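**Q** 3D model of this:
(chains A and B)
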Amino acid sequence: MNNVQNKKRANKSLPFFFKDEFKVFFVIIFFSTILLISTFTFDKVPPILNRGIQPATFPKGLLILIMFLTTIVYYISFKNPWKKEKKLPKPFFLTILSFILFVIISKILDFFLAISVLSIFVSYNWGEKRVFYLLLVGIIFPLIVFIFFEMILGLRFPPGIITNLYYY
Amino acid sequence: MMAPLFSSKLLIVLLFGTLFGLILGVLPGLGPTTGGALILPFTMTLDPLSAIVLLTSIYCAGTYGGAITAVLINTPGTPAAAATCLDGYPLAQKGEAGRALGMATVSSTVGGIFSVIVLVFFAPVLAKLAYEFGQPEYFALAIFGLTMLASIGEGSPIKNLIAGAFGILISTIGKDFMTSIDRFTYGINELSVGIGFIPVVVGLFAISEMLTQSTLLDQVFKRVALKAVKLPSIYDYKKTWKTILRSSGIGSFIGVLPAEGGTVASLIGYSEAKRFSKEPEEFGKGSIEGIAGAEAANNAATGGAMVPTLALGIPGSATTAVILTGLIIHGVRPGPDLFREQPDFLYGIFGAMLIANVLFFIFGFFGAKLFARITLVPNKILWPMIFAVSVCGTYSLSQSIIDVWIMLFFGVLGFFMRRFRFSVVPVIIGLILGELVEGTLRQSLVIFDGNWLMFLTRPIALTFFILSLIALAFPLLRSKKQKN
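**A** Numbers count the residues shown, from 1 in each chain, chains lettered A, B, ... in the order given. Next comes the predicted model:
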């Protein structure tokens, strides 16, 4: 009981910039502002071709609306603070890391290899240690999917060190 | 109505779609929206009717499939089955899992068939009405749709509005469709064609769910044993028939409104069942009426959600947004002209939905035990496989690796949106309505010579604006009432 109360007190005493409400507010306002500024760089249409409003007007309106609504959400959170979320566990960060690996490998080496690496990496970090199942999710299944898409849809996957072996 | 369906190919498609939908519905975290988005590339090999039949059968069966896991493992297979957990699982714990699933199956089928009847009669009427619509009316209607989504959708209305506006903002990326001026492309050529719908849907639903599952690895499901699904007894029918009919009506109505379709419908169906029940104290402890109320409503929302999708081209739920994309990809433009020019196509869809409801009744009744076993596939095996299909499916539509990266980006974004209680459904609806909202606004302003006040001179548009204001005020009034 005491522990719970101490925790609650600790949450209350957090500086405002550590609270989820502020972080969400800040991220939305920050990116909306950048996007809003970039709308001023959009080309303008000469009046004779302009139909109704300039191409930048509509996104500008939307961004201002988003910023306005976000401010309201933040204001409301003073009265009704958000529930504190649990800390994210290690597998979450490893999954995010696997996405980054996927992007790098698919860009530099091979699309199929990227899928295989991600599948094995995720499966292993989520607790699968049996080699057969790792091979199943990392090689056998992606191969089936790859061939299925290639044959049924006539899809051509981007070239890479492994995909080239299949095509040539 | 059934004539276009009497071909072996269509029946096979229907059978496959129903089975696939059930599997998707059973698996927590997946559902008809993700499944529809993933299967969309494969529909390119089919003719338009088969493609839409496949998607609609996945929609109907997937919505029902969620009930199986809701009853047996207390985890809704789909968000629409969340209310089913409240009474389905307690009843299953009492050793009556078969009875609970029997009621869920029967009420889902009745709700689904009821909504198809609503669709058959109501969609053509709405389509006829849509002939009166010009650009200002469509703009006002789209705004009404978005405000409804905010007001009766799940969670905070303001957060829903932010998510909806964000969805519309995504639709503005790329070349402006009226002037061909680049917007938010930052010199990246691939962005000049805009952001595709499928990468966003797969990211927001499948990839964000994968990230959610990565935070739930220590979760242990306690599965209740199921011997066989039992048809409800005469006593159960007597007790629930009014609830089933009421929830079917509620579900169909909620489905027509652009909102979160089955999810909201089942919650309202459940609470209304409790309100009208002679034994409200039984709710939450295994009430058979609670199961009937939730399940009839969520399946009734499927037909309801198809009404604005087909008649106006405005989706009634996230899954119908995927179906709408399927229609557009196959060159079918929903709206009043579709009803005049391709009635066979439409009746094919109506018939397919009707048969899908009967099929999932049969599969659910005889195969629920088998489908429940699918949940035994561990997440550490299942999700890497889903990832592989998601990546290939997303890549296949435009054969662009950028689409795959966009999918990953929206996956991470969707995870954080859900973590901070922002619904992802308004983003999808906003994205699909974005072009309509902007296009009709700008064309209306051309018609009105830039005078915004002219919107108020159009009676239908004015009605939709007033309804939008009411929709926005509704959550405020509701919270005030709750406080009182």
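
**Q** please enumerate the helices of chain A.
**A** Remark: helices assigned in chain A by DSSP state H are A:2-12, A:20-39, A:57-79, A:90-108, A:111-125, A:131-135, A:141-152, A:163-167.

**Q** the residue nearest the centre of chain A and chain B, how far apart?
**A** Taking Cα atoms, centre = their mean, the centroid of chain A lies closest to A:I96, which sits 8.7 Å from it. Distance, A:I96 to chain B, by Cβ to the nearest Cβ, to the nearest Å: 7 Å. C-beta here means a position set from N, CA and C on the backbone, and glycine is covered the same way.

**Q** do I have it right that that residue meets B:F415?
**A** No. With contact defined as Cβ atoms under 8 Å, A:I96 does not reach B:F415; the gap is 9.1 Å.

**Q** quick one: low-confidence parts of the chain?
**A** I'll assume chain A. Low-confidence segments of chain A, defined by pLDDT under 70: A:1-14, A:48-52.

**Q** hm, I was asking about chain B
**A** In chain B (pLDDT under 70), the answer is B:1-6, B:152-154, B:220-221, B:223-226, B:258-260, B:482-484.

**Q** can you pull out the strands in it?
**A** Remark: strands assigned in chain B by DSSP state E are B:174-175, B:182-183.

**Q** out of the ones you listed, which comes closest to B:L408?
**A** strand B:174-175 (19.4 Å; Cβ to Cβ).

**Q** quickly note the distance from the nearest residue to B:I268 once chain neighbours are set aside to chain A.
**A** Using Cβ to Cβ, 6 or more residues apart in numbering or on different chains and skipping the chain neighbours, the partner closest in space to B:I268 is B:I250 (5.5 Å). Separation of B:I250 from chain A (Cβ to the nearest Cβ) stands at 29 Å.

**Q** tell me the contacts of B:I250?
**A** B:265, B:268-269, B:272, B:297, B:300 (Cβ atoms under 8 Å, 6 or more residues apart in numbering or on different chains).

**Q** how about B:L431?
**A** B:167-168, B:170-171, B:195, B:197, B:200.

**Q** which of those residues lies closest to B:R333?
**A** Distances from B:R333 to the contacts of B:L431, taken by Cβ to Cβ, are shortest for B:F197, at 15.7 Å.

**Q** nearest residue to that closest one in space, please, no chain neighbours.
**A** Nearest non-adjacent residue to B:F197 (Cβ to Cβ, 6+ apart): B:T325, at 5.0 Å.

**Q** wait, isn't that neighbour in contact with B:P41?
**A** No. Using Cβ under 8 Å, B:T325 is not in contact with B:P41; the gap is 11.3 Å.

**Q** need the overlap of contacts for those two.
**A** B:I198.

**Q** quick one on the thing from earlier: want to throw the helices of chain A into TSV with distance to B:S208?
**A** Shown next, in TSV, are the helices of chain A (distance: least, Cβ to Cβ, whole Å):
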stretch	distance to B:S208
helix A:2-12	26
helix A:20-39	16
helix A:57-79	20
helix A:90-108	11
helix A:111-125	15
helix A:131-135	24
helix A:141-152	21
helix A:163-167	28
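
**Q** pick the most buried one from these.
**A** helix A:111-125 (a mean of 23; mean count of other Cβ atoms under 10 Å in any protein chain shown).

**Q** do that one and chain B meet?
**A** Yes. Under the criterion of Cβ under 8 Å from any Cβ of the partner chain, chain B is reached by helix A:111-125 at A:111, A:115, A:118-120, A:122-123.

**Q** all set now, cheers.
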